[in-house]
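> show me the folded form of this:
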Amino acid sequence: MSENSTPTPAAVKSARGKPRRAFAPAARSRCLAEAKYNRRSDAMNLDRIRSAAAAIALSLAWAGGALAQTAPAPQALAQDVWLIAGGFPDKRQPDGNTVVFEGATGLVVLDTGRHRWQRQAILDFARARKVRIAAIVNSHWHLDHVSGNPDLKAAYPDAKVYASDAIDGALAGFLKDSAVLSREYLKSPGVPEGTAADIRGDVATIDNGAALRPDVVVRQSGILVLAGRKMQVHLAADGPTAGDVWLYAPASRIAAVGDLVTLPVPFFDTACVAGWQSALAEIEATSFETLVPGHGKPMTRAEFGHYRIAFDNFVACANSSRDQAECAAGWAKDAGALLEANGMDPNRAQGMAVYYVNQVLRPNGGNSKFCRTRG
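Down below sits the predicted model:
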């Protein structure tokens with residue numbers, strides 16, 4: 001199937017970010033990761049803000065100067081696959097990882113980030129290779145993964161965006177509410193300049209939400225030919241979000257899985273845990289050699305196996321009567337080698353894990369309050 005035809009692949013559904021107080025009641029899951037990168041209280045606060053705004057995009061708030069960041073350099077993962085790594089700038093909301101696959105007729109871009117420097121890195125890469133962007137795939141609708149869509153489409157109008165239609169529900173509910181909360185937060189005194197810029201950008205992205213809707217709605221897992229390249233497109237229903245899309249490229253044995261795998265912790269803000277665990281099992285059933293998470297460095301199969309064990313142990317602890325601090329310490333221990341490899345502070349990871357146990361999972365029967373399968 002070509003990029004201009006109706007897909008048989010996976011349909012992505014909406015995911016709600018993670019609100020963090022330190023950022024604004026509108027910064028979502030990815031902000032969570034960013035908040036987690038800060039002090040323990042900041043991580044918890046940003047978590048809440050992100051839940052409302054992680055799906056918001058940074059937009060034009062980037063004017064340069066002290067706020068400007070250097071565009072990340074592409075990293076070759078295979079002969080025809082590159083990573084443009086997302087990041088967690090200080091006092092800023094994060095960007096998710098971007099993965100670029102080259103096909104016979106152009107580039108396939110998985111996730112377009114939040115900040116201008118992330119999308120600029122994608123555009124610079126395409127121009128340097130003198131290859132058009134033919135297709136954009138959004139793993140989910142969090143703003144740190146989709147905000148670059150309009151700029152990429154403006155540069156390459158023929159590019160098709162593939163995603164689920166979950167963004168429709170998000171724009172009508174979660175993101176709409178997040179924008180209201182964010183505008184109120186911006187009235188607070190002492191909001192850091194970079195944080196305020198991100199929030200204004202996210203609100204602008206929400207206001208322009210129609211530009212985030214897919215051209216081609218992915219409704220089931222299957223095979224798509226994108227830019228002349230055969231890709232396995234998988235739909236994980238009711239996992240980190242209502243629907244997460246991930247890609248597997250058999251030729252390079254690379255899996256790009258979005259927020260089904262994240263560090264320093266899994267982002268449970270909008271999660272249904274059982275569906276998430278099923279998706280992780282499906283990932284492991286493929287023959288990938290390299291896995292690119294939504295946040296963090298690429299993993300080997302062995303490292304992904306450690307992540308699954310840490311994930312399952314953490315969820316089991318959260319569903320028990322054990323102390324929340326014990327659960328968080330268990331996560332930091334089980335995922336310790338991964339955190340170290342990514343240069344992440346285990347104490348901050350523990351602070352975020354405590355938040356997820358105490359504020360997200362236990363109050364809602366082991367899922368987030370946004371899980372539609374929650375009993």
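> contacts for the lengthiest helix in the chain, please.
The helix that spans the most residues within the chain, counting by DSSP state H, is helix 301-318. Residues outside helix 301-318 that contact it (Cβ atoms under 8 Å, 6 or more residues apart in numbering): 261, 266, 273, 276-277, 280, 283-284, 288-289, 291, 299, 326-327, 330-331, 334-335, 337-338, 341, 353, 356-357, 361-362, 366. (C-beta placed from N, C-alpha, C; glycine too.)
> out of these, which are inside helices?
Using DSSP H, the subset of these located in helices is 273, 276-277, 280, 283-284, 326-327, 330-331, 334, 337-338, 341, 353.
> report the two of these separated the most.
Farthest apart among those by Cβ to Cβ are 283 and 326. That separation is 27.9 Å.
> and of the ones in helices among the contacts of helix 301-318, the nearest to residue 165?
Minimum distance to residue 165 across the ones in helices among the contacts of helix 301-318 is 20.6 Å, recorded for residue 276 (Cβ to Cβ).
> tell me the pLDDT at the closest one?
Residue-level confidence at residue 276 comes out at 97, pLDDT.
> what's the closest non-adjacent residue to it?
Nearest in space to residue 276, with sequence neighbours left out and distances taken as Cβ to Cβ, 6 or more residues apart in numbering, is residue 239 at 3.9 Å.
> likewise residue 253?
Leaving aside its chain neighbours, residue 253 sits nearest to residue 289 (4.2 Å; criterion: Cβ to Cβ, 6+ apart).
> now do residue 113
residue 95 (4.1 Å).
> what sits against the one you found?
Applying Cβ under 8 Å, 6+ apart to residue 95 gives the contacts 30, 86, 87, 113, 114, 115, 118, 144.
> one more time with 7 Å, if that's ok
Residue 95 sits next to 86, 87, 113, 114, 115, 118, 144 when contact means Cβ atoms under 7 Å, 6 or more residues apart in numbering.
> then residue 245?
Residues touching residue 245, when contacts are defined by Cβ under 7 Å, 6+ apart, comprise 10, 12, 137, 139, 163, 164, 218, 233, 234, 235, 258.
> could you list the paired strands of the longest strand seen in the chain along with their orientation?
When secondary structure is assigned using DSSP state E, the longest strand within the chain turns out to be strand 229-237. Here strand 229-237 has these sheet partners by DSSP bridges: strand 222-226 (antiparallel), strand 243-249 (antiparallel).
> contacts for the helix or strand that the last one is followed by, please.
Read it as strand 243-249. Toward the C-terminal end, the helix or strand that comes next after strand 243-249 (DSSP states H and E) is strand 254-256. For strand 254-256, contacts defined as Cβ under 7 Å, 6+ apart pick out 77-78, 81, 99, 110, 246-248, 283, 286, 288, 290-292.
> 8 Å instead, please
By Cβ under 8 Å, 6+ apart, the residues outside strand 254-256 that reach it are 77-78, 81, 97, 99, 110, 139, 246-249, 283, 286, 288-292.
> quick one: pLDDT of residue 82?
According to the predicted model, the pLDDT of residue 82 comes to 98.
> distance from the chain centre to stretch 311-328, please.
Distance, stretch centre to chain centre, for stretch 311-328: 24 Å (Cα atoms, centre = their mean, to the nearest Å).
> buried residues in it, which are they?
Applying a neighbour-count criterion of 16 or more other Cβ atoms under 10 Å, one finds 311, 313, 314, 315, 317, 318, 324, 327, 328 buried in stretch 311-328.
> which two among these are spaced furthest apart?
311 and 324 (16.7 Å).
> just the buried members of the contacts of strand 254-256?
Neighbour-count burial (16+ other Cβ under 10 Å) applied to the contacts of strand 254-256 gives 77, 81, 97, 99, 110, 139, 246-249, 283, 286, 288, 290-292.
> helices of this structure, start to end?
Across the chain, reading from the start of the chain, the helices by DSSP H fall at 29-37, 40-53, 116-129, 143-146, 149-155, 166-172, 174-185, 193-207, 273-285, 301-318, 324-334, 336-341, 346-355.
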